[in-house]
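1. show me the folded form of this:
(chains A and B)
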There are 2 protein chains.
Amino acid sequence: MSEQIQEIKGWLYEAGEKIKASFREELKVDQKSNRTDLVTNMDRDIQKFLIENIQSTYPKARILAEESGYNTLDTMEGTVFVIDPIDGTLNFVLEKENFCIMLAVYEEGQSKLGFIYNVMQEELYWGGREFGVYCNEKKLTKPENKLLSEGLIGMNAHMYLHNQYEAQKIGEVSMGVRMSGCAGIELIAILKGTRIGYLSNLSPWDYAAGCAMLDAFDFPYSGLTGKPLHFNGREHFVAGTPKMVEEVSKILQFP
Amino acid sequence: MSEQIQEIKGWLYEAGEKIKASFREELKVDQKSNRTDLVTNMDRDIQKFLIENIQSTYPKARILAEESGYNTLDTMEGTVFVIDPIDGTLNFVLEKENFCIMLAVYEEGQSKLGFIYNVMQEELYWGGREFGVYCNEKKLTKPENKLLSEGLIGMNAHMYLHNQYEAQKIGEVSMGVRMSGCAGIELIAILKGTRIGYLSNLSPWDYAAGCAMLDAFDFPYSGLTGKPLHFNGREHFVAGTPKMVEEVSKILQFP
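-> Next up is the predicted model:
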């Protein structure tokens, strides 16, 4: 098992080096659904690199990944690898920082391992319910179970602007709203205890790795109607401390 | 002159070490105007430390600083030091990162030097119109003059939520809105070229150091009615690339 962790870490470090090296060359940027939804040659290259490694080591595993060809899956049975080659592509293109590589391993629909690699900070967060959560070699302590009113909250700009799911009220109750443009950075902040929660609209590759690590702390996450995440397309999402998610569920009158 | 820069850098590094050391002790946190407007013993201690150094080296200089006793000044004549001991106090308290120490030197109302020290990243940005801008020992190149539609914009959450000064429209035209809760981080991002601009509601100690470095690139900043900043109390603020600020001025119909 520890061998699997070392192996995946090795892939991620190598992927990170490829990304850093790419800053010396011109990036090829294409639009997907709209002018701010971008994909680059590096998103495709990193996904290809990770998939090749997974397929040669785990030929029976299923793969769910952001870029084309792998972005739907009809079952979470067996071993599933969930990949976001570059989470925060807009930040990657415009800032050359504040992006992550994310990878998760699920077994029969249950989280086993999550990895979020903040490449430019050289911080690899990894772990799972059997292991706890680490930043590089340092084990994290479980964050305090803070109230919504006691912490900062990560927020999706569109949800906040249009007050979807009472996002503005939830922001007002919190100590303050933060927007980083990168789900990995927001989920890391919950794991570190620097933010109490995160409200967004995410695809499975945006949340799988973070949720696998939240499971290590028994910290909750769900869709914004209170239903479990379905790992099938984009959905509104909340994660945070148990107290924060309970307060959000009361504000939104989850069943 | 280079002696003055070395001297101020020395104060800032020492102040940074004091802040890092404070994480081993309990922080004393008080509210100022409301529950999210905080001041800590460290804001006061760092301000006192910087003021003592300034007063012993530059006994004739005036001082404008965030915490009590120094937060108004009736003239910008002569040499003025502008200090924010901890910019992003809420982040400092809740995240223990994403805050800065800021210091600026003005002569007869003109910017001379600015310093923004991101303590936890160990990045000290410094410079001025006679020097250019540096991150630690590395000189920055002047950022590209991008349009509002080509970059990410830093935004004050309250202004965005209440659509003050067309903040929502300005956000929509941009590539995306980011909120860090720290003016220093937002102004650094403009200097690095990773964001095209910043809209906020700031006091002089929030913008003085950043503006001194923006002057090195001839990048514009002003109040949101188009008038020059008055260095006297809180005011709505824009800074960014020349093209971005021009577009904002058209949207807001500055004179």
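
2. where does the stretch 101-250 of chain A come near chain B, residue by residue?
-> Contact residues, the stretch 101-250 of chain A versus chain B (Cβ under 8 Å from any Cβ of the partner chain): A:151-152, A:157, A:160-161, A:168, A:171, A:175-181, A:189, A:194-195. Using the backbone N, CA and C atoms, a C-beta is placed for each residue, glycine as well.

3. among those residues, which ones are in helices?
-> A:Ala157, A:Tyr160, A:Leu161, A:Gln168, A:Gly171, A:Ala189 (DSSP state H).

4. and these as CSV, adding pLDDT and neighbour count?
-> Formatted as CSV, those follow (pLDDT from 0 to 100; neighbours: other Cβ atoms under 10 Å in any protein chain shown):
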residue, pLDDT, neighbour count
A:Ala157, 96, 21
A:Tyr160, 97, 23
A:Leu161, 96, 19
A:Gln168, 97, 18
A:Gly171, 98, 22
A:Ala189, 98, 24
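
5. out of the residues you listed, which one sits closest to A:Ser2?
-> When those are ranked by distance to A:Ser2 (Cβ to Cβ), A:Ala189 comes first, at 26.8 Å.

6. so which residues of chain A form helices?
-> Taking DSSP H, the helices of chain A run over residues A:2-22, A:41-57, A:89-95, A:157-161, A:167-173, A:183-192, A:204-216, A:242-251.

7. which non-adjacent residue is nearest A:Ala239?
-> Leaving aside its sequence neighbours, A:Ala239 sits nearest to A:Tyr221 (Cβ to Cβ, 6 or more residues apart in numbering or on different chains; 3.7 Å).

8. and for the closest residue to A:Asn163 other than its chain neighbours, the neighbour number?
-> Leaving aside its sequence neighbours, A:Asn163 sits nearest to A:Lys169 (Cβ to Cβ, 6+ apart; 7.9 Å). A:Lys169: 13 surrounding residues under other Cβ atoms under 10 Å in any protein chain shown.

9. and the gap between A:Lys169 and chain B?
-> According to Cβ to the nearest Cβ, to the nearest Å, A:Lys169 and chain B sit 11 Å apart.

10. mind pulling up the pLDDT for that residue?
-> pLDDT, A:Lys169: 97.

11. report the buried residues of stretch A:33-49.
-> Neighbour-count burial for stretch A:33-49 flags A:Leu38, A:Val39, A:Thr40, A:Met42, A:Asp43, A:Arg44, A:Asp45, A:Ile46, A:Gln47 (criterion: 16 or more other Cβ atoms under 10 Å in any protein chain shown).

12. neighbours around the closest residue to A:Ile196 other than its chain neighbours, how many?
-> Once flanking residues are discounted, A:Ile196 sits nearest to A:Gly151: 3.0 Å by Cβ to Cβ, 6+ apart. Neighbour count of A:Gly151, defined by other Cβ under 10 Å: 25.

13. which residues in the stretch 1-150 of chain A form strands?
-> With DSSP state E, counting those that start in this stretch, the ranges of strands along the stretch 1-150 of chain A come out as A:29-31, A:38-40, A:62-65, A:79-87, A:100-107, A:110-118, A:123-128, A:132-135, A:138-139.

14. re earlier: can you list the helices of chain A in CSV and add distance to B:Val245?
-> Below are the helices of chain A laid out as CSV (distance: least, Cβ to Cβ, whole Å):
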stretch, distance to B:Val245
helix A:2-22, 31
helix A:41-57, 32
helix A:89-95, 18
helix A:157-161, 21
helix A:167-173, 28
helix A:183-192, 28
helix A:204-216, 34
helix A:242-251, 38
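
15. between these, which one is closest to B:Leu73.
-> Here helix A:167-173 is closest among the helices of chain A (Cβ to Cβ), at 34.0 Å.

16. starting at the chain centroid, how far to that closest one?
-> From the chain centre to the centre of helix A:167-173 is a distance of 22 Å (Cα atoms, centre = their mean, to the nearest Å).

17. try stretch A:153-171
-> Distance, stretch centre to chain centre, for stretch A:153-171: 19 Å (Cα atoms, centre = their mean).

18. show me the domain layout of chain A.
-> Structural domains assigned to chain A are A:2-139, A:148-251, following automatic domain parsing.

19. what's the end-to-end length of the longest one?
-> As for domain A:2-139, its first-to-last residue distance stands at 15 Å under the measure Cα to Cα, to the nearest Å.

20. next one: the shortest one
-> Distance between the two ends of domain A:148-251: 11 Å, counting by Cα to Cα.

21. can you check which of the helices of chain A gets nearest to A:Phe81?
-> helix A:41-57 (5.0 Å).

22. show me what that closest one is packed up against.
-> With contacts taken as 3 or more Cβ pairs under 8 Å, 6 or more residues apart in numbering or on different chains; DSSP states H and E, helix A:41-57 sits against helix A:2-22, strand A:62-65, strand A:79-87.

23. highest mean neighbour count out of the ones you listed?
-> strand A:79-87 (a mean of 26; mean count of other Cβ atoms under 10 Å in any protein chain shown).

24. look up how far A:Phe23 lies from the residue of the stretch 1-150 of chain A found nearest chain B.
-> Nearest to chain B in the stretch 1-150 of chain A, going by Cβ to the nearest Cβ, is A:Glu95, at a distance of 4.0 Å. With distances taken as Cβ to Cβ, to the nearest Å, A:Glu95 is found 11 Å from A:Phe23.

25. go on, A:Gln47?
-> According to Cβ to Cβ, A:Gln47 stands 19 Å off from A:Phe23.

26. so A:Gly184 sits against A:Leu103, correct?
-> No. Look at A:Gly184 against A:Leu103 with Cβ atoms under 8 Å: they stay out of range, at 10.7 Å.

27. now do the shared contacts for the two.
-> Overlap between the contact sets of A:Gly184 and A:Leu103, as judged by Cβ atoms under 8 Å, 6 or more residues apart in numbering or on different chains, is given by A:Asp84, A:Ala209.

28. quick one: low-confidence ranges for chain A?
-> A:1 (pLDDT under 70).

29. re the thing from before, would you turn the helices and strands packed on helix A:41-57 into JSON lines with distance to B:Gly16?
-> Output for the helices and strands packed on helix A:41-57, formatted as JSON lines (distance: least, Cβ to Cβ, whole Å):
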{"stretch": "helix A:2-22", "distance to B:Gly16": "27"}
{"stretch": "strand A:62-65", "distance to B:Gly16": "41"}
{"stretch": "strand A:79-87", "distance to B:Gly16": "30"}
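
30. reformat those into TSV and put distance to chain B next to each item.
-> Listed next are these as TSV, based on distance: least, Cβ to the nearest Cβ, whole Å:
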stretch	distance to chain B
helix A:2-22	16
strand A:62-65	23
strand A:79-87	14
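
31. so which of the ones you listed comes closest to A:Gln121?
-> Judged by Cβ to Cβ, the one of these that comes nearest to A:Gln121 is helix A:2-22, at 10.5 Å.

32. that closest one packs against which elements?
-> Packing partners of helix A:2-22 (3+ Cβ pairs under 8 Å, 6+ apart): helix A:41-57, strand A:100-107, strand A:110-118, strand A:123-128.

33. list the buried residues for the second one?
-> When burial is assessed from 16+ other Cβ under 10 Å, strand A:100-107 yields the following buried residues: A:Cys100, A:Ile101, A:Met102, A:Leu103, A:Ala104, A:Val105, A:Tyr106.

34. who's in contact with the second one?
-> Under the criterion of Cβ under 8 Å, 6+ apart, the contact list for A:Ile101 reads A:12, A:15-16, A:19, A:46, A:84-87, A:115-117, A:119.
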